[in-house]
Every structure is written in C-alpha cells, then in structure tokens.
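K.L.:
A predicted structure for the sequence below; I have some questions about it.
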Amino acid sequence: MSEQRPGSTETATAWQDLVATARRTVTDGLVVGTSGNVSVRVGDTVLVTPSGVPYDRLGPADITGVALDGRRTIGTLAPTSELPMHLAVYRTTDARAIVHTHAVHATAVSTLVPELPTIHYMTAAMGGPVRVAPYATYGTEELAENILHALTDRSACLLQNHGTLTHGTTLAQAYDRTAQLEWMCRLWLTASCVPGLTPSLLSLRQLNEVTEQLQGYGQRDT
C-alpha cells in the first residue's frame, strides 16, 4: 500500500472522522479530558490523536500522522503517548481503526477479573470472551505486548487498571465495539451487586450459535 499524501482527500476525510470519534468519546462519558486516544489507518499512514490536546480544539491544521515504524510523516504535533500499542495492533492484525478509552465500568471490571464473564450474547461480536491485558505502564512496549496477547482472535480487550481497546475495519465499528463493551461491563457489575444471587452466564456453545447468527446479521444486497 502506498503512503498517503497529507493533503489527499482520503486523508483529510479520515482525519475529520477521527476528530469526530474522539469528541464522541468525551460526549458519551468514555473519557475525561484528553485521556484515551483514537487512530485510523490510511494506506501505510496511521492518523492519530495528538498528545495532550483537547479534542474540541482539534481542526484540519492539527492533523497528525505517523508511519508504521513510528516516524512522524504528517503534522507538527507529537502523537499520543500511547502510540506503541496502536502501531503494534496495526502491524499484527487487520485493524483499520482503533479506539482506546478509560470507560468507568470497563475499567472497574478490569480490576476484578482476568476476563469479562459472558453476561451477554454480544460477547460473540468481540470474537469471544473479552480478556484483560495485565497492567503495564502506559505508553510502553510491555503494555503493547500484553494487549496483543489479549487481542488474539478478538477485536476488544480490557487493560487492567487502565481502560479499553477495540479495533475494527472502520472508526464507526471500533467505536460501536467500545460502547458495547462498556455496556456489557456495566451490565455484569449491576447484576453482580444483587445480594445472594449470581448472574447466569452464557456457555461456549451458546456463544458459537450467536456467532453463526451474526454472520447473516444486517441488510443484504439485493
């Protein structure tokens, strides 16, 4: 794939979508301030939110892009400090977009269990039970490696004492997976709070049945 020119229409449109997605994470309460980050791959370039810049201040002139080896190729702003985990996912998977948040319920779950219990059938949409990547300092290669292990055959994972990471073929899909993951974590925490009762969980067989159902979900071309 060829590297995208900073002024190309595709790159400019992707940046616009990235900024809108980043702002949505704040509006929907998935991050506070400039925590969390968003990226999208356009050819061999990764557009990513810059470090420490409030999303409502980002405009076309703030476009920030790097090559897959981390070299800055577009813009003058420093990319997010979490760049290593974004690049590791792009180099290892077929991801085209990544959303990382500090969502409250998901982060809470990451401190309690090594894997989100199968509380809802949408677990299947993530590729199976969502694992928790062991804690490591943010922005480190160690954290990136832990995330890659947790993402094996999955499109989402929790980061212990940290937050969430989801990827998809589009920013919309990655964001939807983030929102769904946060909702499932909230559901499990809520059900677990009822004294004297234990939430029922879905079996692997039941999840596999849903996986088959999801393959035919949505509108079909006529």
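P.N.:
Nice, I can see it. Numbering: from 1, shown residues only.

K.L.:
Low-confidence ranges, this protein, go.
P.N.:
Applying pLDDT under 70 to the chain flags residues 1-7, 216-222.

K.L.:
Can you tell me the centre-most residue of this protein?
P.N.:
For the chain, the residue sitting closest to the mean C-alpha position, by C-alpha atoms, centre = their mean, is Thr166 at 2.4 Å.

K.L.:
you'd agree it is up against Ala156?
P.N.:
Yes: between Thr166 and Ala156 there is a contact under C-beta atoms under 8 Å: 4.3 Å. Every residue, glycine included, has its C-beta placed from N, CA and C.

K.L.:
overlap in contacts of these two?
P.N.:
Common neighbours of Thr166 and Ala156 (criterion: C-beta atoms under 8 Å, 6 or more residues apart in numbering): Met126, Arg177, Thr178, Leu181.

K.L.:
Spit out the contact partners of the last one.
P.N.:
So the one you mean is Leu181. Neighbours of Leu181 in contact, by C-beta under 8 Å, 6+ apart: Ala103, Ala106, Leu116, Met126, Val130, Ala156, Leu158, Thr164, Thr166.

K.L.:
redo that, cut-off 10 Å
P.N.:
Neighbouring residues of Leu181 by C-beta atoms under 10 Å, 6 or more residues apart in numbering: 30, 99, 101, 103, 105-106, 109, 116, 122-123, 125-126, 130, 155-158, 164-166.

K.L.:
Those in strands, which ones?
P.N.:
Secondary structure assignment by DSSP state E places Val99, Thr101, Ala156, Cys157, Leu158, Thr164, Leu165, Thr166 of the contacts of Leu181 in strands.

K.L.:
Please, where are all the strands along the protein?
P.N.:
Under DSSP E, the chain gives strands at 37-42, 45-48, 65-67, 72-74, 97-101, 132-133, 156-159, 163-168.

K.L.:
Which one, of the ones you listed, ends up nearest to Ile147?
P.N.:
Closest approach to Ile147 among the strands of the chain (C-beta to C-beta): strand 132-133, 4.7 Å.

K.L.:
Centre of the chain to that closest one, how far?
P.N.:
When C-alpha coordinates are averaged (C-alpha atoms, centre = their mean, to the nearest Å), strand 132-133 and its chain have centres 13 Å apart.

K.L.:
Could you list every helix and strand in contact with it?
P.N.:
With contacts taken as 3 or more C-beta pairs under 10 Å, 6 or more residues apart in numbering; DSSP states H and E, strand 132-133 sits against helix 104-110, helix 141-150, strand 156-159.

K.L.:
can you do 6 Å?
P.N.:
helix 141-150, strand 156-159 (3 or more C-beta pairs under 6 Å, 6 or more residues apart in numbering; DSSP states H and E).

K.L.:
Was I right to think Val132 contacts Leu159?
P.N.:
No: using C-beta atoms under 6 Å, Val132 is not in contact with Leu159; the gap is 7.4 Å.

K.L.:
Looking at those two, which is more packed in?
P.N.:
Taking neighbours as other C-beta atoms under 10 Å, Val132 and Leu159 compare with Leu159 leading, 26 against 22.

K.L.:
For the more buried one, give the beta-bridge partners.
P.N.:
Leu159 forms beta bridges with Ala133, Gly163, as assigned by DSSP bridges.

K.L.:
Hmm, Arg131 and it touching each other?
P.N.:
No: assessed by C-beta under 6 Å, Leu159 is found out of contact with Arg131, at 10.3 Å.

K.L.:
returning to that earlier point: next, give me the two most distant ones among the ones in strands among the contacts of Leu181.
P.N.:
Top of the distance list for those (C-beta to C-beta): Val99 and Leu158, 13.3 Å.
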